[in-house]
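Peer 1: Quick check, what structure comes out for this input:
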Amino acid sequence: MDNLWTNINDNIPMYMNKICKEHKLECVKISPLKTAMVGEGFAIMIAIDRFDIEIYYLYKKGRDIVKYSCGSFFAQAYDGHDRENLLSGEGADIYIRNCILIAAKGLADKWENVLEGDTMWLEKYKSSSRYAKENLTADERTVFEKCFI
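Peer 2: Next up, the predicted model:
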């Protein structure tokens, strides 16, 4: 299944290289359209869809792995600085790549505590209108159970 979307997913480690180096995170491919930056006991997963991306926060809570869809919550803090130096052109692929670039800048600039493994932000997230807890898919469970030993 090699196509435009899987190629973008294959390049997520390149887009997130600076974040991963600074915060000692490891990029792990979850599936053809999902890649996660994995830290100690948590991960930030980027899922690519044809017209957008979603960012999930996952962490180990006791024996369970919890998954939150928090891309829109994180995006509330992004500003014009996070939208500088984007790719020019049109098309869904450019849009998706720019979404990843914005997320990389925004996470690094506004959510450093999350990248460091802090979970204090979860209280504010859980009380927000953006709160959404989801179940892990089979491919996610397989990979994250190995990552969160």
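Peer 1: And the top helix by length along the chain, what does it pack against?
Peer 2: Ranked by residue count, the top helix of the chain under DSSP state H comes out as helix 92-110. Using 3 or more CB pairs under 8 Å, 6 or more residues apart in numbering; DSSP states H and E as the contact criterion, the elements in contact with helix 92-110 are helix 4-10, helix 12-15, helix 17-23, strand 42-48, strand 53-61, helix 71-75, helix 112-115. Where C-beta positions appear, they are placed from N, C-alpha and C, glycine not excepted.
Peer 1: So the residue of the chain positioned farthest from its centre, which state does it fall into?
Peer 2: Distance to the chain centre peaks in the chain at residue 89, reaching 23.9 Å (criterion: CA atoms, centre = their mean). Local secondary structure at residue 89 is given as coil here, using DSSP: H, G, I helix; E, B strand; the rest coil.
Peer 1: per-residue pLDDT, it?
Peer 2: Here, the pLDDT recorded for residue 89 equals 92.
Peer 1: check contacts around residue 51.
Peer 2: Shown in contact with residue 51 (CB atoms under 8 Å, 6 or more residues apart in numbering): 92, 95, 96.
Peer 1: Good, wrapping up.
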